[in-house]
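Undergrad: please work out how this folds:
(chains A and B)
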Amino acid sequence: MSSADHEPGSLERSAQELLRASADGLDGNIRSRLTQARSAAIEEARRARTPFSWRTLVPAGALAAAAVLAVMLWSGGSRAPVPATPHNSFEDIDLLVTSESFELLEDLEFYEWVAAADSDGASIG
Amino acid sequence: MSASVTLPAAVAMLLAEEPASPEEAVLDRSRELDRFLSSVERRAFKIAQIAIRDIDEALDIVQDAMLQLARRYAARPSEEWKPLFYRILNNRIRDCQRRRVVRSRFIAWWPARLADDEEAADPIESAAGTEMAPGDRVQVDETLQALERALADLPRRQQQAFLLRTLEGLDVAGTAAAMGCSEGSVKTHYFRALQTLRARLGEFWS
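TA: Numbering: from 1, shown residues only, chains lettered A, B, ... in the order given. Modelled structure (predicted):
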């Protein structure tokens, strides 16, 4: 007790003893219901304070995956055909350069000449 | 780190200083809250029962106060829990009493029926007789009944001040925090409650 408090008199002491004895002597049914209430409150606090963890990501990840799959299936049926692009001989050269066929690389100058001849309309041979 | 510290001691120091994981921190906090609620639940119920005079409603009020504290204030320092909890509890008791006043306006025939059926029955006794469990009823002696009747008849703020100070053992500052008023008001309410109780219960403690 703080200094502002006073010394309890006989009535206060007797009342305190009686009331505390009464609170401590509550019957089993009430104590059980108080315990249930406390457990519910603790569970509530635990839920409210559970930190971010990978376990919380599992349902969110499953939901996101399902959403992506749904979008893919939905858009797959209505996909428009890709329009043909004009032929560009330089793309062919890029493809040749990036391929792993070293035999083709050896004849690079020949293919460049063929491409140049095609674009100029000249006949080969 | 000084050279005199041995390796096991240094490891122990490091382990002691290592912060707990978030999950462990939540568990520790839950255990602490559980201990706190366990320490106050019976007295809180008693306070609600004296104010409301109904076991089921008193239990609902205590449960509601526990949930509210856990939901909104579990992260606060534990030394703040007691005044916060009793403040919530007092607010719930007040809400319940207000609902009863409203309800009683619509059920005006109820007191008349009581007067017809019983000769000047005491509302506390009749409430206790119908609501209290038999085991609890046996333990309540004549003095306690007289005290509870006198407490129940006190004005709400005087009753709160007396029960928080006497039953729960809060000091003036804690009681003021729980009641949401100044320490001077607590002293005034408490003094008036004591005067009333002395006048009414003098025969039991003389």
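
Undergrad: only C-alpha atoms from now on, for both contacts and neighbour counts.
TA: Noted.

Undergrad: tell me the contacts of B:Leu164?
TA: Taking C-alpha atoms under 8 Å, 6 or more residues apart in numbering or on different chains as the criterion, B:Leu164 is in contact with B:Leu170, B:Thr175.

Undergrad: how many neighbours does B:Leu67 have?
TA: Here the number of neighbours of B:Leu67 (other C-alpha atoms under 10 Å in any protein chain shown) works out to 23.

Undergrad: A:Arg31 too?
TA: Here the number of neighbours of A:Arg31 (other C-alpha under 10 Å) works out to 18.

Undergrad: same question, the one 4 residues further on
TA: The burial metric for A:Thr35, expressed as a neighbour count using other C-alpha under 10 Å, is 18.

Undergrad: how about the one 4 residues further on?
TA: Close neighbours of A:Ser39, defined as other C-alpha under 10 Å, add up to 18.

Undergrad: spit out the contact partners of it.
TA: A:Ser39 is in contact with B:Asp34, counting by C-alpha under 8 Å, 6+ apart.

Undergrad: backbone phi and psi for it, please?
TA: Backbone dihedrals for A:Ser39, given as degrees, to the nearest 10, come out at phi -60, psi -40.

Undergrad: do the same with B:Pro155
TA: Here is the backbone geometry of B:Pro155 (degrees, to the nearest 10): phi -60, psi 150.

Undergrad: list the contacts for it?
TA: No contacts exist for B:Pro155 under C-alpha under 8 Å, 6+ apart.

Undergrad: mind redoing it with 10 Å?
TA: B:Ala51, B:His189, B:Arg192, B:Ala193 (C-alpha atoms under 10 Å, 6 or more residues apart in numbering or on different chains).

Undergrad: next: B:Arg156.
TA: B:Ala51, B:Asn90, B:Ile93, B:Arg94, B:Gln97, B:Phe162, B:His189.

Undergrad: from chain A, how far off is it?
TA: B:Arg156 is 18 Å from chain A, where distance means C-alpha to the nearest C-alpha, to the nearest Å.

Undergrad: quick one, grab the pLDDT at that residue.
TA: Here, the pLDDT recorded for B:Arg156 equals 94.

Undergrad: before we move on, what about B:Arg53?
TA: pLDDT, B:Arg53: 91.

Undergrad: in strands only, show me the contacts of B:Arg156.
TA: With strands taken from DSSP state E, there is no overlap with those.

Undergrad: closest one of the contacts of B:Pro155 to chain A?
TA: Checking the contacts of B:Pro155 against chain A with C-alpha to the nearest C-alpha, the nearest one is B:Ala193 at 10.7 Å.

Undergrad: now the closest one: which helix or strand?
TA: Using DSSP states H and E, B:Ala193 falls within helix B:183-205.

Undergrad: which strands and helices sit next to that helix?
TA: The helices and strands touching helix B:183-205, judged by 3 or more C-alpha pairs under 10 Å, 6 or more residues apart in numbering or on different chains; DSSP states H and E, are helix A:10-24, helix B:142-153, helix B:156-162, helix B:172-179.

Undergrad: how about a cut-off of 6 Å?
TA: Packing partners of helix B:183-205 (3 or more C-alpha pairs under 6 Å, 6 or more residues apart in numbering or on different chains; DSSP states H and E): helix B:156-162, helix B:172-179.
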